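J.: need coordinates for the following:
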Amino acid sequence: MKKINLALLVLLSLGATVRAQEKTPPLLFRAAHCLAVKEFLPRSNARKLTFGYLLDEHSYSGDKVIYIVIYAAPARSNGWFFAVFPTGNAGHEVFNIQNNATFVLSKHERIGVSFTSPPLGGIWTQEHIVSAIKKIEKQPRFTILVKDLYAASSCSCESYTDPQHKGTLKR
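T.: This next block holds a predicted model:
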């Protein structure tokens, strides 16, 4: 019996290690790079950040959006939310940061999302973001070194805070 329990423990810990070492998806990394260079990362002395994301290809007609969550700490359920619209192709991608918010999740039977700093837009936008955060919560998290996010990238980064892009918020 002890050998079976030991074998199960070893298998479970190996499975957790494999999941923890999952490689960061390139799309998430490039979008997170843009969050860094456009100065959207949370101010802290952290050397690494924990991310979650969801790619949505259906909500905005003809456009893809990457919903990104940066968690306040690896085991926490609060943090920062971003909506980033990628365009172009692998030869020249542009990542346009179009919305952001800070949030806190409550751990009840139904996960509730409260915004501590709400996103731009109306009720539809907030409901859509709440839905995205709930989906992201059910997916793997990825840890990225902050210094890596500032490394050169072949993509271009834009934001609704750029002077030439004011008023281009997608809804």
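J.: biggest strand in the chain by residues?
T.: strand 92-106 (DSSP state E).
J.: for it, name the packing helices and strands.
T.: helix 26-37, strand 78-89, strand 112-117, helix 123-137, strand 156-159 (3 or more Cβ pairs under 8 Å, 6 or more residues apart in numbering; DSSP states H and E). Glycine gets a C-beta too; all of them are placed from N, C-alpha and C.
J.: extract the C-alpha set from it and format it as CSV.
T.: Extracted in CSV, the C-alpha atoms of strand 92-106 (Å, rounded to 0.1, in the frame of the first residue of the first chain):
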residue,chain,number,x,y,z
HIS,A,92,4.8,42.3,-39.0
GLU,A,93,2.4,42.1,-36.1
VAL,A,94,0.9,45.1,-34.4
PHE,A,95,-0.5,44.8,-30.9
ASN,A,96,-3.0,47.5,-30.0
ILE,A,97,-3.8,47.9,-26.3
GLN,A,98,-7.4,49.0,-26.2
ASN,A,99,-8.7,48.6,-22.6
ASN,A,100,-7.6,47.9,-19.1
ALA,A,101,-9.0,47.5,-15.6
THR,A,102,-8.1,46.2,-12.1
PHE,A,103,-10.2,43.6,-10.5
VAL,A,104,-10.8,41.3,-7.5
LEU,A,105,-12.4,37.9,-7.6
SER,A,106,-14.5,36.6,-4.7
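J.: centroid-nearest residue for the protein?
T.: Nearest to the mean C-alpha position of the chain, by Cα atoms, centre = their mean, lies Ile68 at 2.0 Å.
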